[in-house]
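K.L.:
sharing a model prediction with you, sequence too.
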Amino acid sequence: MVSNCTEFVSVLQKYYLSPLYGLEFCIGFPGNLLVILGYLFCLKDWQSCNIYLFNLAVSDLIFLCTLPCLSYFYSNDFQETNIYICLINRYVLHVNLYSSILFMVWLSMDRFLLIKHPTRNHYLLKRHSALLLTGLTWLLVNVEITPMISLMIQDFKRGNWSVCNDFASLSGDINLLGYSLGLTFTGYVLPLLGLCIFSQQIAHLLHAKERVLQLRVSYKRPLRVVTSAAVLFSILYSPYHILRNVRIASQPPWTKLSQCTIMNIQALYILTRPLAFLHSVINPVFYFFMGDKFRNLLTDKIRKIAIQRKLRRDQS
């Protein structure tokens, strides 16, 4: 029975994680790359919103570049002996996981302030403020993830420098459950609360302006976008964080759980991982709803390139 449980986990890692990671890379990489190129070559007048979106796209693109390696890693039964590749992949993965939701919080704040201050006279709507918040976001997330490096090195050493475990399977001097719970609260729960608060504030502000100015329905798009972001991260991140902490809590001997129960918990945790990472595939959708200017510039650029190529073909 125990053997069957273990085999089921191995099957999930090889035939579920591996293909889904590859699929997420194939879908998400072109979308995020298109957005980054669009910002670099099409957008000249950068505003605070564009700075947050650009950093979100860069974070997602870097993360997606780690998925082919992870896909190969799981499809070849954990044959990873390079400690640097293991460290970089796991580190980048979790930096992206928590930077993405923070950048969405700043975008939600930006939309709220823009509705409240249409003339963009609030200091948080200035480009230098956005750059400062962006720098602080990268710094904060890297500080949060830094203890994981120590855990991974210690765990790698215990596995004779040949086993690259995921976060929930690490072991070391640091209390893994305490660290995971702290990371869940500071990296996920608080930002999600921020998204919900800004959604509520935008709804309240639009409702008040609607009564005074009789706003059209189209002005409520920022509310739909911010609310969609909160719902998206709730659906994608919650199962992952719950099962990750349950998986870690189930491992100590004092829990007296059977091996099959532990393996079943691990199997459920495995199922949530590609779901959580799906945000990097979906995020490009927000780039096209957060600003008409960028969307129009990008579509115009693509249209011009298509026309130029057609003219060249006709001439040849």
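P.N.:
Sure, I can see it. All values derive from a computational prediction rather than experimental measurement. Residues are numbered from 1 along each chain as shown.

K.L.:
I'd like the next helix or strand past the helix or strand of the chain with the lowest mean pLDDT.
P.N.:
Lowest by mean pLDDT, DSSP states H and E among the helices and strands of the chain is helix 284-289, with a mean of 67. Stepping forward along the backbone from helix 284-289, the first helix or strand reached (DSSP states H and E) is helix 292-315.

K.L.:
other SSEs contacting that following helix?
P.N.:
The helices and strands touching helix 292-315, judged by 3 or more CB pairs under 8 Å, 6 or more residues apart in numbering; DSSP states H and E, are helix 18-42, helix 284-289. Any C-beta I mention is one placed from the backbone N, CA and C, and that applies to glycine too.

K.L.:
Lys301: which of those helices is closest?
P.N.:
helix 18-42 (4.9 Å; CB to CB).

K.L.:
that closest one versus helix 292-315: what angle between them?
P.N.:
Between the axis of helix 18-42 and that of helix 292-315 there is an angle of 90 degrees, by axes from the mean of the first three to the mean of the last three CA atoms, to 10 degrees.

K.L.:
put the alpha carbons of the next helix or strand after helix 18-42 into CSV.
P.N.:
The first helix or strand that comes after helix 18-42 along the chain, using DSSP H and E, is helix 48-64. Output for helix 48-64, consisting of C-alpha atoms alone and laid out as CSV, is shown next (Å, rounded to 0.1, in the frame of the first residue of the first chain):
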residue,chain,number,x,y,z
SER,A,48,3.4,55.1,-12.5
CYS,A,49,1.0,52.4,-13.7
ASN,A,50,3.4,51.4,-16.6
ILE,A,51,6.3,51.1,-14.2
TYR,A,52,4.5,48.6,-12.0
LEU,A,53,3.2,46.6,-15.1
PHE,A,54,6.6,46.5,-16.7
ASN,A,55,8.3,45.1,-13.5
LEU,A,56,5.4,42.6,-13.2
ALA,A,57,6.1,41.4,-16.7
VAL,A,58,9.9,41.2,-16.1
SER,A,59,9.3,39.2,-12.9
ASP,A,60,6.9,36.8,-14.7
LEU,A,61,9.3,36.4,-17.7
ILE,A,62,12.3,35.6,-15.6
PHE,A,63,10.2,33.1,-13.6
LEU,A,64,8.8,31.4,-16.8
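
K.L.:
I appreciate the help and will end here.
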